[in-house]
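In: Please find the sequence and the predicted model below.
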Amino acid sequence: MESKLQFISAFLLLSCLCSRGEALCSLSDLVVTQTTVPGQQIAGEPEYHVTVENRCICTQTGVKLSCAGFDSSPTRVDPSIIRHDGGGGGDLCTLNGGGPVTNGRSVSFYYAGKTRVSFTPVSSTVSCS
């Protein structure tokens, strides 16, 4: 009987936590790592590898990153992975076509540029079911 009560309590707690996913997740759960690819250059510019990982238990969609100075043309970055909002040279980019970035999964891409771009999470929508 006690084990059933513990199971029901754990289930209710988990249900409550997931229904309040927005409170559990924040932009800091979207972790961006960026490295210079050693010895790689495209059109004479260094190549960078960027990975965005969702460390929240809930899925995040519609992820927007600040991306001032990002120019995808030298490397022809797939726009379904990252694209400027409203044309080239914008300050915001959409990650993964606005689609889901699930827990423990990452989205990564390569780009080249004279300077490293600071890809900082700006907004997302939390989906926890």
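Out: Noted; the coordinates are in hand.
In: May I have the beta-bridge partners of the residue nearest to the spatial centre of the chain?
Out: By C-alpha atoms, centre = their mean, the mean C-alpha position of the chain lies nearest to V52, the distance being 4.1 Å. Assessed by DSSP bridges, V52 has beta-bridge partners V32, V107.
In: Next up, the contacts around it.
Out: Listed by C-beta atoms under 8 Å, 6 or more residues apart in numbering, the contact partners of V52 are 30-32, 63, 65, 95, 101, 106-108, 119, 121. No exception for glycine: its C-beta is placed from N, CA and C like everyone else's.
In: please redo it, this time with the cut-off set to 6 Å
Out: The neighbours of V52, taking C-beta atoms under 6 Å, 6 or more residues apart in numbering as the test, are 30, 32, 95, 107.
In: Tell me the one among those residues nearest to S129.
Out: When the contacts of V52 are compared for distance to S129 (C-beta to C-beta), L30 wins out at 19.1 Å.
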